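Undergrad: The amino acid sequence is not available; the structure is as follows:
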C-alpha cells in the first residue's frame, strides 16, 4: 500500500536525486535512500466524509418549542392573537382601563376561536397537513370536508417533522394556505377583523373611545396596524403566503370596520351588551357634549340636543344597546351623536341658506353684551380651522409610511426584486433627508381625542365660543323656551329598501342647501366618515322625530 | 379678534359669488349663503391607502416644484421613494423619480456633486429601460462641471452595456452615446493640442502620441456615426477640425460633401455653411464657392452668407450673374431682419450701379420688382421708416433714398424728410399736372 501511495510522486529527491519515496506514519513523504523528509504530505481522502454532517441537525424533538433555523411552528391564529395583544396593550397605554383587555377582549377572542373551531373545541377545523398530529379520528372526517390547495402538494405525512417542513415551504405559518382558501368564510381572521373585535370589546366595556377615534389612532400609528407583524417574536417567521394575510395596504374605513363588527356579533352569537344608559359616555346625551365642544358650538345647545333625543324617542337605552332580540344592529354611536347635533342645529338655525342669515342679522342688531352666539362668526372661525386641518391631514397622508423595516415577501422572485428597490428607495430617501434636513417620518407627537383646540393659548385653532348664549335665537313662549325659528325643512323621509339602494346622497347633494352640506362635511371630517353615512343617519333621526308612532312601536319594529 | 376679522376680510368677496340655486326674488338674492363650500376631493372608491398616499405625495411635490418651493419639494421627495417598494410600481414611477430628483437637485442651493452622483447611480441601477439615458445625462452633468475624464468614463461604461435583445430605441441611444464619447475624445484632444502648443520646446513626443490616440479613437467612432442620417453638426465640426490639423484634406472634403449632399440626410443648411467655410479657408475657386452658396440660397434666402454670395456674383463678368445678385439681395431684403442693415443696401446699390451700365437695366429691375411692388413700399419706404432712419442711421437713409426711385419708379414714395417731402410733393404735383395737360 505504501508503494501505491508513493508511486504518485515522481520527483527526484533533493539530497540524493533518487526517486524512491515512501510515506511515513504522519503522512509525509520521505526518501528511502537518504531519509529526507519533504514538505509534501499525502492527501487523505476519506470517502465516508460528508460536509455538514457534524452540524447539530439531527437533534429533533417532537415538541413545538424547537428553535430550528426555520423558526417555531406556528399557526395563523396565533399570529393574529399576538397582534391583538399588541393592539390592546397600546390602547391600555393610551388610558383605556385594564378591564377592557383582561375581562372583555380575552374572553371574546377565546369565544371567537371556539366558534370558528380553531381552538377550545373537540372538533377543530384543520387542513390535511397536520391531520396526523391529531390522534382524533374526528379530525380526519373534518379534513375530508375541508378543501385544501396543498392536498396535492404536501408530502405524505409520514412523520411530524416533515409536516412542519412542508408547511414552511409555502409560508412561515403552518396553515396559511388553508386559511387563504377559506378567506371568504366568516370564520377566518384578518387584520380588519382584528380591529372589529377590538371595537366590540370597547363597546362592551363601555369605553368612551368611538370607532372613529380608534381608526384615527390607527392612522396616526399609536395603535400598531401597518407594521403590526413586525412585533411578532423572532421565532415566528413570516414568509410566503403569510404576506397575503398580514401585509396591509390601507387602513379600513369606518363603514368597513362597522360591518365586520356586525358580522362578528352574529358569528360569536353574542348576548345583549351591557346597557348604554344616559350616564354612559357612549350615549348620545353625553357623546354629543363632546362633539359640541369639538365643533366649538356653545354649551347652551346641549340641553336642546337632550330635548331632541327625548322627542325623537331615543332616550331609551334599548335603542343604543346591542341586543340580538331588540336591537340586532350595532349602533354607530359617533355618527348618531353627530346626526343629533346636526338636527338640533337645523331646528334652531334653519340651515336653508336664508333663515340663518336673517337670524344672524337679528342677533347682531340686538346683541348688547357681545355674548350672543353668531353663526356667521362661528362659520368663519371653523372654516379657517377646518381648511388648515384638512391641509395638515393631506400632508400626513402624503407622508405616511406603508413600508416596514422587515417586509414580508410572497416568493423568492418578489424578494429579490423588491429588496433591490428597497435599497434604492432608502438611498434616495437618505439623500433627500440630508438635503432638506428634515426626517421623512413625521409622527404626530401626542395622541388626542380632539382634532381642534379652542381657547386663548398659543397653538389653539381659535377663540372658544362655548360660553356664548343663544339669547337672540330662543324665546320664551308659554313659560317654555322655544327656538325663534319656526320652520324646518327636510328631504323625503320615506326609507328605501335596504337591499335595493344604499344612499341617494350623491343625487340629492346638488339640491341641498349649501350651509347644510357644509355642516355635513364638517362633521364628516371630524369623524372621518363618508358624507352619505352621516346623511342617512340624519334622515333616520328625522324619521323618528316626525313619525307619529309611539316609541315602543318603533322599537318593536326593530329600527 | 380684530386680526381675525381683518384676515378673513377677503372671504366676504367669496361669499358674494356664491348664490343660491333656486330662483328667488331680487331681494332674497341679495342675501347670499352664509356658507361657502370648499370643493372636497372625492376619494376614488377601491383605492388603497398606499395608493392614495402615492397620489397625494406626487401632487404635493408637483405643486411645490411648480411654485419653486424647493425645501418643501425636497421634504416630500424624502417620503416618495417608498412607493418604489410596491410590486406594482411601474417604469413610469422610476422615470418620474429620476427626473424629479434631478430637477430638485438642480435648484436646491446646497446640493453637492456627491448627491448627484448618488442619485444618478441609484437611478441607473433601478431599472433597465432608462439606463442609457441616465448615463448620458450624468455625463452631460459631469461635462458641465468640467470633469471630462469622469464624463468619458461614464460614456465608456454605457457604451459596453447590453441588456437583452437590442431594441430599436436602445440602438438609437447607443449611437448617441457613442457619438458623445467621440466628442469627449475630441475635447480632450483639443486640450492636449492647446497644452502642446504652449510647451512646444519641451519633449512632446509622448503627448503627440496621446493626442494621436484620442484622434484615432474619435475618428473611428465618428466615421461610423456619420454614416447614419441625422443632424450631426457639432460632431462634424470636431471631426473636420481634427482632420484639418492632421492635414487630411481629402477626407475632410469627403465628409463635408457627404454631409451636405447626401439625400438620405435631412436638409440641413448648416451643412452647406460648413462646406463653404472649409472651402473658403482652403482657397477654393470662386465657381465652387458659388455652387455651394447657390444651394444655401435656395434653402435659406435670408442667410447672412448671401451677402458674400452676392459679392461673388458681382465679381463675375456674366450679365446673368449680376441679375442673379440683384435677385439674391432683394430676396434678403424681403425679410424684416435685414431691413436696417447698411451693408445689404450698399451692396444693392453697387449691384444696381453695375447693372445700370447695361442698356435695358430698367427691364431687369422691373422684372425682379414685379412681384414686390405691392408690399415693398410698406416694408421699407414709409414715412415712419424715413423719420426713424434719418435719426438713427443717416447713411442708411441716404442709400435707401437713392434707391427708391429706381426700385419703385411708378410710386410716390414718402421716403424723405419733411422739407423734401413738401418740395417733392410740389415737384410731383407739377409733374402730374404737366402730364395731364399733355
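TA: Ah, there it is. The shown structure was predicted, so the numbers you read here are calculated from the model rather than taken from an experiment. Numbering: from 1, shown residues only, chains lettered A, B, ... in the order given.
Undergrad: can we go C-alpha only for contacts and neighbour counts from here?
TA: Will do.
Undergrad: Residue A:535 and residue A:505 touch, don't they?
TA: Yes: applying CA atoms under 8 Å, one finds residue A:535 in contact with residue A:505, separated by 7.0 Å.
Undergrad: tell me which element residue 397 falls in.
TA: Unless you meant another one, I'm taking chain A. Counting by DSSP states H and E, the element that carries residue A:397 is helix A:375-399.
Undergrad: Chain B, not that one
TA: Going by DSSP H and E, residue B:397 is in helix B:394-407.
Undergrad: got the buried residues for that helix?
TA: B:396-397, B:400-401, B:403-404, B:407 (16 or more other CA atoms under 10 Å in any protein chain shown).
Undergrad: which residues does the nearest residue to residue B:335 once chain neighbours are set aside contact?
TA: Sequence neighbours aside, residue B:302 is the residue nearest to residue B:335 in space, at 6.6 Å (criterion: CA to CA, 6 or more residues apart in numbering or on different chains). Contact analysis of residue B:302 by CA atoms under 8 Å, 6 or more residues apart in numbering or on different chains lists B:331-333, B:335.
Undergrad: Mind giving me the PyMOL command for buried ones among the residues you listed?
TA: To isolate the buried ones among those in PyMOL, judged by 16+ other CA under 10 Å, type:
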select buried, chain B and resi 331+332+333
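Undergrad: before we move on, back to that, and the residue nearest to residue B:335, its phi and psi?
TA: Backbone geometry at residue B:302, expressed as degrees, to the nearest 10, gives phi -100, psi 10.
Undergrad: Give me the distance between it and chain A.
TA: 51 Å (CA to the nearest CA, to the nearest Å).
Undergrad: quick one: pLDDT of that residue?
TA: Predicted confidence (pLDDT) for residue B:302: 89.
Undergrad: tilt between the strand or helix carrying residue A:340 and helix A:375-399?
TA: For residue A:340, the host element (DSSP H and E) is helix A:333-349. Here helix A:333-349 runs at an angle of 150 degrees relative to helix A:375-399 (axes from the mean of the first three to the mean of the last three CA atoms, to 10 degrees).
Undergrad: which helices and strands sit right next to helix A:333-349?
TA: Here helix A:333-349 touches helix A:284-294, helix A:301-311, helix A:355-366, helix A:514-527, helix A:531-546, going by 3 or more CA pairs under 8 Å, 6 or more residues apart in numbering or on different chains; DSSP states H and E.
Undergrad: so which of those helices comes closest to chain B?
TA: Chain B sits nearest to helix A:514-527 of all these, at 5.0 Å, using CA to the nearest CA.
Undergrad: is chain B contacted by the closest one?
TA: Yes: judged by CA under 8 Å from any CA of the partner chain, helix A:514-527 comes into contact with chain B at A:514-515, A:518.
Undergrad: So for the closest residue to chain B within the stretch 251-400 of chain A, what's the nearest residue that isn't a sequence neighbour?
TA: The stretch 251-400 of chain A approaches chain B most closely through residue A:398 (4.3 Å), counting by CA to the nearest CA. Excluding the flanking residues, the one nearest residue A:398 by CA to CA, 6+ apart is residue B:57, at 4.3 Å.
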